[in-house]
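Asker: only geometry, no sequence info:
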């Protein structure tokens, strides 16, 4: 189990494995969820996504998300550094990921802004058993979001010498 947690990039994999084994916690499901969620965040040193977005917007200018491609084209044309765009997008994606993880573990926080009389709906993320039945809740995901940032800096800015 330690080897798996280490491969997933977990800091202190021994502790996570011990928690999984001794307490029956859902540490593996938690690590897998966060690792996969981070895989959808723009990588820090990959700017190809910008050209992909621009090309998609040029191909289908009225499609959902085409505005992002048009904005990217304008920003790059006006001289905005691609690293700055990536840093901004990564930060926004990281914040959204943390918010979604918090929402998954605290359905009560979703009540804000709902119309009066709206029924109380609850949800939670669960690990499933082999028959796809809820087996154990995966709670407090938001506590570990930053620890899975592939840069290892927990979404802190790049060192100044990288600019």
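Answerer: Now that the structure is in, tell me what you want to look at. Bear in mind the structure is a predicted one, so any value in this text is a computation, not a measurement.

Asker: residue closest to the middle of the chain?
Answerer: Compute the mean C-alpha point of the chain, and by C-alpha atoms, centre = their mean the closest residue is residue 97, 3.8 Å away.

Asker: Which parts of the protein are strands?
Answerer: Using DSSP state E, the strands assigned to the chain run over residues 126-128, 134-137.

Asker: what's the last one packed up against?
Answerer: Think strand 134-137. Under the contact definition 3 or more C-beta pairs under 8 Å, 6 or more residues apart in numbering; DSSP states H and E, strand 134-137 sits against strand 126-128. (Each C-beta comes from the backbone N, C-alpha and C, glycine too.)

Asker: List the strands paired with the strand it packs on, with their directions.
Answerer: With DSSP bridges as the criterion, the sheet partners recorded for strand 126-128 are strand 134-137 (antiparallel).

Asker: So, low pLDDT: which residues of the chain?
Answerer: Judged by pLDDT under 70, the chain has its weakly predicted residues at 107-112, 161-163.

Asker: Just to check, residue 53 is in contact with residue 63?
Answerer: No. Contact status for residue 53 versus residue 63: not in contact, 11.1 Å apart, counting by C-beta atoms under 8 Å.
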